[in-house]
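Trainee: Provide a 3D model corresponding to the input given below.
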Amino acid sequence: MTTTDPAISAPDDRTAAHRIARVITEAFAPGILFVVILLAVGWYSTRSLTGTGWGLLAALFCGIIPYGFIIRGARRGHWTDRHIKQHQQRTIPLVATMRGIKTEEAFAKNWAQLVELPAVTRPKPLVWTPERVAHWKKTGEKPGPVMVWTPEQTGQFLDSVKGDRLYSLWHTFVFSGPRRGEMCALPWPEVSLDALWLHISAQIVEVAYRQYGEALKAESVRTNWLSLDHGEVLSRWQDQETKELNEWVGVEARVESDRVWTHENGEPLHPDWVSRRFKRLVELSGLPPVRLHDLRHISATLALLGKADIKVVQERLGHSSRQITSHTYTSVLPEMMRTEAESTLSVVPREVAYDVHQKREISPNAFRGKVAVLFAHGARYTGSTWVVGAQTGPRAPSSERFTPSAGAKSTRPTPLSNGSGTTAPVRLWRYFGSRT
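Mentor: Just a heads-up that it's a prediction; the model follows:
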């Protein structure tokens, strides 16, 4: 019976594994990967041989020549190997490589300017109209990556989260339009409930779920003014937060913090947690989905719908120019479109068909020379019937008021064109007469 000594076969196994590891190490060496990345970026920039050629030129000076210099030195015994494991030997290759690049004037021109990257088109915000909501309920598909609620939908969301512990936070997102990192970093000393303002000057940045505080850019530092209702919401939240923290007195898990919004134990909110919480509340509300960042679009759009100046909205959102605000964070609501359509139609004079129901003589007091000046007013009476009155002045006596009799009726309604190609039966009172 023959046996194999494990001690004899082990070196062969170790040698095979060592060879495989060495091949992998050499193939994925930083110098090789750097050359491959430059070639890939060059091709991707134009998807042609031109871009690949520029990538090859960059790889030549930044990868191939330096790597060749190191290999040559290793073969001549100037350093241990091509990886230069001894750190004190790396100074000479580094200096020589940089000098060679400078000699070839590789830095004389900014080669990055020759790289053409594809244009990035910002997605256009879309409004959740009834048609889009119906399509979403049927298929579960969003019409676009950036969606905006209507004012009615926004009100429904706020009503649905009225009992949520962080209602004041969602209220602030809707009516002030801040970023989530700014709200997570906002401290109470930067909020005045008496003067009704909050000052935003810092934010929390998340990297791999770790939080880092940083100051905002100069143009992003701002003071947002609050409405009376907003101030009352924040005041109630401050009382609630103080009461919750008092219940954690003497508990080791209590965290001392001056942040406006925290967990029950005083621990500051994590930006990612805020986004996930908002997403869950939207799902529970039954409304079509929007992202937390989309509330900035909604806030800016609601402000413009409320006749706020674009400059005011820009300052509130913390943008450097009004172009960024108008192009990025505003959406056209159906209400704004209808108002625009009606205002455009109203400036074009049109003839209107009418029926004469009652003749009235115009008082001489209404004439200014040969022109009669009347103040007309109207109100919808019922259905498509309008009652129109006229008087010689805002405070004209009753004797000079032109009013129809209550029993007057139209026997034949006259179609009235609304300028859009459609007609509707409308009964109109019309007053006219001769000068007496």
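Trainee: Identify each buried residue in stretch 204-221, please.
Mentor: For stretch 204-221, burial by neighbour count (16 or more other CB atoms under 10 Å) applies to 204, 206, 211, 216, 220. Placement of C-beta: from N, CA and C, glycine included.
Trainee: what about it, how long is it end to end?
Mentor: For stretch 204-221, the first-to-last residue distance is 14 Å (CA to CA, to the nearest Å).
Trainee: And it, how far out from the chain middle?
Mentor: Stretch 204-221 has its C-alpha centroid displaced from the chain centroid by 17 Å (CA atoms, centre = their mean, to the nearest Å).
Trainee: re the thing from before, mind picking the one among the buried residues of stretch 204-221 that's closest to residue 138?
Mentor: For the buried residues of stretch 204-221, the residue nearest residue 138 by CB to CB is residue 206; the value is 35.5 Å.
Trainee: so that closest one touches residue 273, yeah?
Mentor: No - using CB atoms under 8 Å, residue 206 makes no contact with residue 273, being 9.9 Å away.
Trainee: before we move on, back to that, farthest-apart pair in the buried residues of stretch 204-221, please.
Mentor: The span of these, defined through CB to CB, is set by 211 and 220 at 18.5 Å.
Trainee: follow-up on the earlier one: from the buried residues of stretch 204-221, which single one is nearest residue 291?
Mentor: The nearest member of the buried residues of stretch 204-221 to residue 291, counting by CB to CB, is residue 206 at 15.3 Å.
Trainee: quick one: low-confidence parts of the stretch 101-250 of the chain?
Mentor: Across the stretch 101-250 of the chain, the ranges flagged by pLDDT under 70 are 101-120.
Trainee: Show me where it has its helices.
Mentor: Ranges of helices in the stretch 101-250 of the chain, per DSSP state H, counting those that start in this stretch, are 130-139, 151-160, 167-176, 180-185, 228-247.
Trainee: now the strands for this protein?
Mentor: 126-127, 147-148, 191-192, 197-200, 202-207, 210-215, 222-225, 367-368, 371-372, 375-382, 385-391, 401-402, 414-417, 423-426 (DSSP state E).
Trainee: So which other helices or strands are in contact with the second one?
Mentor: Right, the one you point to is strand 147-148. Where contact means 3 or more CB pairs under 8 Å, 6 or more residues apart in numbering; DSSP states H and E, strand 147-148 is packed against strand 126-127, helix 294-305.
Trainee: Ok, which of those comes nearest residue 19?
Mentor: Counting by CB to CB, residue 19 lies closest to helix 294-305 out of the helices and strands packed on strand 147-148; the figure is 55.5 Å.
Trainee: quick one: the closest one to helix 167-176, angle?
Mentor: Here the directions of helix 294-305 and helix 167-176 differ by 50 degrees (axes from the mean of the first three to the mean of the last three CA atoms, to 10 degrees).
Trainee: Contacts for helix 294-305 next, please.
Mentor: For helix 294-305, the surrounding residues in contact (CB atoms under 8 Å, 6 or more residues apart in numbering) are 125, 146-149, 151, 154, 173-179, 290, 310, 312-313, 316-317, 325, 329-333, 335-336.
Trainee: Just the buried residues of those residues.
Mentor: By neighbour count, with 16+ other CB under 10 Å, those hold 125, 146-149, 154, 173-179, 290, 313, 316-317, 325, 329-333 as buried.
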